[in-house]
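1. Make a model of this:
(2 chains, ligands or ions: 1)
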Amino acid sequence: MPGLEDLYREIILDHYRSPRNRGELVVPPAARAEGFNPLCGDEIVVYIDVDDEGTIRDIAIGGQGCSISQSSASMMSAAVKGHTVEEARQLISAFKSMMSIHENDLDDVDDHEDHTEIETVELGDLDALRGVVKFPVRIKCATLSWNTLIQALDEVAATS
Amino acid sequence: MNLPSKIIEDFPVLRQTVDGKRLVYLDSANTSQKPQCVIDAMTNYYETINANVHRGSYRLAVQATDALEGARAKVAQFINAGSAAEVVFTKNATEAMNLLARTWGHANLGESDVVVLSEMEHHANIVPWHMLAAEKGFELRWIPVGPEGRLQLDSLDRLLDGATLLSVTAMSNVLGTINPIPELADAAHRHGALISVDASQYVPHVATDVQAMGADFLVFTGHKLLGPTGIGVLWGRPELLEAMPPFLGGGEMILNVTKEGFTTADVPWKFEAGTPMVAEAVGLAAAVDYLNVLGMDEIRAHETKLTAYAMRCLKSRYADTITIHGPSEPAERGGVLSFEFGDVHPHDVAQVLDEAGICVRAGHHCAKPLMRVLGVPASSRASLYLYNNESDVDALADALERADEIFSL
Ligand SMILES: Cc1ncc(COP(=O)(O)O)c(C=O)c1O
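-> Numbering: from 1, shown residues only, chains lettered A, B, ... in the order given. Okay, here's the model as predicted:
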């Protein structure tokens, strides 16, 4: 049975208490997307400002939610800021594949060797969210901001 | 008289442990656990009777029909309906409310009409009216929720002016507030409106008398009153049900069908197309028997006492941290305790409690307009029923300490 310490890692609580890149950006030039988790009422707003070279110059996070959705959004914002859209999309797919580990593999989730295909992308602090997969109902909390970021990136792609 | 302390032994689910800890079930406002007698009644039905109803001439089919209609009569008596024909079986309370909107509402509501709801309604008593209003163009008005989660009735006469229907909950699934239905019914009738009552949270906990309430329609759901899922009830005054068009079309609800058209069966079968939920009706009847043996007044007294204990206990241990929504006076509320625990998000509260084997609900409780009034996106909710006792409340209070620990700065 996974314990709460697998879920509430110190780094997660730190991002929850002191979220990075909280706020809003002016739209336009920034793009804005909203995500909802109808199960628990979490709401996330993602603003991104992408320059002509395809670099995410700035990102801001609004909305409210539980420790997992908020810390995930905070870590995500720190991880993609200053990176290109392409790098952000790679990180999104690496993060989402970490979150979609099949339940049969749950016993091995601490065994990092198993996930070679996502090892190529540096997850950094985000690795702390790996424990969330042991709590299947919380996976949606962790992925909410990422799905919202995809929407915002699609928005940028559609208007440029 | 008190409820027997061994009640918990009648509920198989409550006898289990989670990671070696006793399961503490505090989510009965969501769904209740089932006593052995309900499970046995349904199993026994399948093992000894099972046949389709209203259409067989052999003895088993007659027994199955008797089981269904016997359950209807029992439910009718439980809510003091005038006759069994006033009780329509539906899938749940949600379907009952949709039935009302789709039949009575469809026939009686147009552009110049007004439907009055309250801000504390469950989505089941909001969305069907939104859906119908989009089609028919009638106006929706809202009775505001004021201090301590009570309905603010000073504007009631203005809201009911020109209204056709008042549809309101008898007990809030978030605040626990018990609303003054007889008073609301009088006011509605004075203005020429009908009143439909969402009693989903009320019937399981308080002796219900639809006639004394002055209700015109009343809905509730079987699974919250120790019964199975898959069965709910719409009760209506007979002349109203009589005048309503049918709901779904198909077998069971017809008197005659030709290539040109059909005529409907009598009330209540007119509203029950297709093979009904016979085993579920049998289970619901067993639940009603169980509640009757214990006595609804004893159940209410037990829950009021336990609610008072829970409010006292939580407030004294977490005076600076906890906010409990709804009336502060236990006699004015049911055992539904929605709370904010400092800055800890309800989803995290529920997670920490789960670790201790405690089941509570976190979220908006299908009452988003109310959450907006309360100014919170979500809350944690512990809800009590007849099988809960002080040790469950103590377990909740103890486990909240861990939430304090993990999330304090
Ligand atoms: C007040 C209220 N009304 C309606 C419902 C809907 O019940 P059901 O989901 O069984 O249709 C519920 C419970 O979820 C409720 O609490």
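2. drop to CA atoms for contacts and neighbour counts, all remaining ones
-> Fine.
3. burial of residue 70, as a residue count?
-> Picking chain A for this. A:Q70 is flanked by 31 other residues according to other C-alpha atoms under 10 Å in any protein chain shown.
4. nope, chain B please
-> 17.
5. now for whichever helix or strand it is part of, which elements pack on it?
-> Following DSSP states H and E, one finds B:G70 within helix B:59-78. For helix B:59-78, the elements it packs on are strand B:87-90, helix B:278-294, judged by 3 or more C-alpha pairs under 8 Å, 6 or more residues apart in numbering or on different chains; DSSP states H and E.
6. rerun at 10 Å
-> Applying 3 or more C-alpha pairs under 10 Å, 6 or more residues apart in numbering or on different chains; DSSP states H and E, one finds that helix B:59-78 contacts helix B:36-48, strand B:87-90, strand B:232-236, helix B:278-294.
7. what stretches of chain A score poorly on pLDDT?
-> Filtered on pLDDT under 70, chain A yields the residue ranges A:1, A:101-120.
8. residue in it nearest to chain B?
-> For chain A, the residue closest to chain B is A:C40, as judged by C-alpha to the nearest C-alpha, at 4.3 Å.
9. sec struct for that residue, please.
-> coil (DSSP: H, G, I helix; E, B strand; the rest coil).
10. burial of B:V145, as a residue count?
-> Count around B:V145 with other C-alpha under 10 Å applied: 17.
11. whoops, I mixed them up, B:F262
-> Using other C-alpha under 10 Å, B:F262 has 14 other residues around it.
12. now the helices for the stretch 301-409 of chain B?
-> B:346-355, B:368-374, B:390-407 (DSSP state H, counting those that start in this stretch).
13. and the second one, how far from the chain's centre?
-> Helix B:368-374 has its C-alpha centroid displaced from the chain centroid by 19 Å (C-alpha atoms, centre = their mean, to the nearest Å).
14. buried ones in it?
-> B:368-371, B:374 (16 or more other C-alpha atoms under 10 Å in any protein chain shown).
15. out of the residues you listed, what pair is the most spread apart?
-> For those, the farthest-apart pair by C-alpha to C-alpha is B:K368 and B:L374; their separation is 9.8 Å.
16. Could you name every residue contacting both of the two?
-> B:M120 (C-alpha atoms under 10 Å, 6 or more residues apart in numbering or on different chains).
17. one step back: state the phi and psi torsions of the residue of chain A closest to chain B.
-> Per-residue torsions, A:C40: phi -120, psi 0 (degrees, to the nearest 10).
18. Double-check it against B:H364; I have them as touching.
-> Yes. Counting by C-alpha atoms under 10 Å, A:C40 touches B:H364, with 6.6 Å between them.
19. of these two, who's got more company?
-> Taking other C-alpha under 10 Å, A:C40 and B:H364 do not tie; B:H364 has more neighbours (25 against 22).
20. Look up the closest residue to the more buried one, ignoring the ones flanking it.
-> Spatial nearest neighbour of B:H364, excluding adjacent residues (C-alpha to C-alpha, 6 or more residues apart in numbering or on different chains): B:A378 at 4.7 Å.
21. where exactly do the strands run in chain A?
-> Assigned by DSSP state E, the strands in chain A fall at A:31-37, A:42-50, A:56-64.
22. Which helix runs longest in chain A?
-> If you go by DSSP state H, chain A has its longest helix at helix A:139-159.
23. residues in contact with the residue of chain A closest to chain B?
-> A:65-66, A:140-141, B:345-347, B:361-365, B:377-379.
24. B:T263: which of the residues you listed is nearest?
-> B:H365 (40.7 Å).
25. Is there a neighbour count for that closest one? I'd like the number.
-> 23.
26. got the phi/psi numbers for it?
-> The phi/psi pair for B:H365 (degrees, to the nearest 10) is phi 50, psi 30.
27. any idea how far B:A403 is from it?
-> B:H365 is 21 Å from B:A403, where distance means C-alpha to C-alpha, to the nearest Å.
28. and the stretch 301-409 of chain B, which residues reach chain A?
-> Proximity of the stretch 301-409 of chain B to chain A, by C-alpha under 10 Å from any C-alpha of the partner chain, involves residues B:343-349, B:351-352, B:354-355, B:361-366, B:368, B:376-379, B:406-409.
29. Filter those down to just the buried residues.
-> By 16+ other C-alpha under 10 Å, these give B:344-349, B:351-352, B:354-355, B:361-366, B:368, B:377-379, B:406-407 as buried.
30. Show me what from chain A comes close to chain B.
-> Checking chain A against chain B by C-alpha under 10 Å from any C-alpha, the hits are A:1-5, A:7-10, A:13-14, A:16-17, A:38-43, A:64-68, A:135, A:137-138, A:141.
31. Weed out the non-buried ones from those residues.
-> A:4, A:7-8, A:13-14, A:16, A:40-43, A:64-68, A:138, A:141.
32. Spatially nearest residue to the residue positioned nearest the centre of chain B (excluding sequence neighbours)?
-> Note on chain B: the residue nearest the mean C-alpha position is B:S200, at 1.3 Å, using C-alpha atoms, centre = their mean. Closest residue to B:S200 apart from its sequence neighbours, by C-alpha to C-alpha, 6+ apart: B:F220 at 4.0 Å.
33. what about that neighbour, which SS state?
-> Assigned by three-state DSSP, the conformation of B:F220 is strand.
34. Any regions of chain B where pLDDT drops low?
-> In chain B, residues with pLDDT under 70: B:1, B:409.
35. For it, which residues are neighbours of the ligand?
-> By C-alpha under 6 Å from any ligand atom, the residues of chain B that approach the ligand are B:30, B:92-94, B:122, B:124, B:172-173, B:198, B:200-201, B:221.
36. Was I right to think B:Q152 contacts B:P180?
-> No. Counting by C-alpha under 10 Å, B:Q152 stays clear of B:P180, with 11.3 Å between them.
37. Surely A:E155 is in contact with A:R32?
-> Yes. Judged on C-alpha under 10 Å, A:E155 makes contact with A:R32 at a distance of 8.0 Å.
38. and the residue of the stretch 51-200 of chain B nearest chain A?
-> Closest point on the stretch 51-200 of chain B to chain A, by C-alpha to the nearest C-alpha, is B:H123, at 13.0 Å.
39. so what's the backbone phi/psi at that residue?
-> phi -50, psi -30.
40. any idea how far it is from A:C40?
-> Taking C-alpha to C-alpha as the measure, B:H123 falls 15 Å from A:C40.
41. go on, A:E34?
-> Distance from A:E34 to A:C40, counting by C-alpha to C-alpha: 15 Å.
42. Which residue is it, in chain A, that comes closest to the ligand?
-> When you check chain A against the ligand by C-alpha to the nearest ligand atom, the closest residue turns out to be A:L39, at 13.6 Å.
43. Any figure for the gap between the residue lying closest to that residue once chain neighbours are set aside and the ligand?
-> Spatial nearest neighbour of A:L39, excluding adjacent residues (C-alpha to C-alpha, 6+ apart): B:G363 at 6.7 Å. As judged by C-alpha to the nearest ligand atom, to the nearest Å, B:G363 and the ligand stand 13 Å apart.
44. B:G363: what's it in contact with?
-> If you count contacts by C-alpha under 10 Å, 6+ apart, B:G363 has them with A:38-42, B:345-347, B:350, B:371, B:376-381.
45. how distant is stretch A:129-147 from the center of its chain?
-> 9 Å.
46. follow-up on the earlier one: comparing the strands of chain A, which comes out most buried?
-> Mean neighbour count (mean count of other C-alpha atoms under 10 Å in any protein chain shown) peaks for strand A:42-50 among those, with a mean of 25.
47. Pull stretch B:189-197 out as PDB, backbone CA atoms only.
-> The C-alpha trace of stretch B:189-197 is given here as PDB (Å, rounded to 0.1, in the frame of the first residue of the first chain):
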ATOM      1  CA  HIS B 189     -50.000  27.600  -3.100                       C
ATOM      2  CA  ARG B 190     -51.000  31.100  -2.100                       C
ATOM      3  CA  HIS B 191     -49.400  32.300  -5.300                       C
ATOM      4  CA  GLY B 192     -51.100  29.600  -7.300                       C
ATOM      5  CA  ALA B 193     -47.900  27.600  -7.800                       C
ATOM      6  CA  LEU B 194     -47.200  23.900  -7.200                       C
ATOM      7  CA  ILE B 195     -44.300  22.700  -5.100                       C
ATOM      8  CA  SER B 196     -42.000  19.800  -5.800                       C
ATOM      9  CA  VAL B 197     -39.700  18.600  -3.100                       C
END
